[in-house]
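A.B. asks: here are the coordinates; sequence isn't available:
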């Protein structure tokens, strides 16, 4: 029978039928799953969705203008600067 030791410690307690190693393994996997879900949620909500061109053509055009690559206008000229 487990009794108090020096300093009030108690030994020999099982954690809900699991051994210590199994309990830690379950906790690690649960925390990893929680961390993965949080990262996935943040990455999915941080993406800006393009507006629907059929519902609002002006918003679609503005979105496309704001997301053009650098030097787009320069590349579209017939006589680009050399």
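C.D. replies: Yes, it's here. Note that the structure is a prediction, hence the values are computed from the model and not measured.

A.B. asks: Sketch out the low-pLDDT regions of the protein for me.
C.D. replies: Low-confidence segments of the chain (pLDDT under 70): 1-20, 45-47, 79-82.

A.B. asks: now residue 51, what's its secondary structure?
C.D. replies: Following DSSP: H, G, I helix; E, B strand; the rest coil, the label given to residue 51 is coil.

A.B. asks: Now it. Its backbone dihedrals?
C.D. replies: phi -70, psi 160 (degrees, to the nearest 10).

A.B. asks: how about it, what does it touch?
C.D. replies: By C-beta atoms under 8 Å, 6 or more residues apart in numbering, the residues touching residue 51 are 59-60, 63. Yep, even glycine has a C-beta here, placed from its N, CA and C like the rest.

A.B. asks: Adding secondary structure, neighbour count and distance to residue 37, write these out as JSON lines.
C.D. replies: Shown next, in JSON lines, are the contacts of residue 51 (DSSP: H, G, I helix; E, B strand; the rest coil; neighbours: other C-beta atoms under 10 Å; distance: C-beta to C-beta, whole Å):
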{"residue": "59", "secondary structure": "helix", "neighbour count": "13", "distance to residue 37": "32"}
{"residue": "60", "secondary structure": "helix", "neighbour count": "15", "distance to residue 37": "32"}
{"residue": "63", "secondary structure": "helix", "neighbour count": "15", "distance to residue 37": "29"}
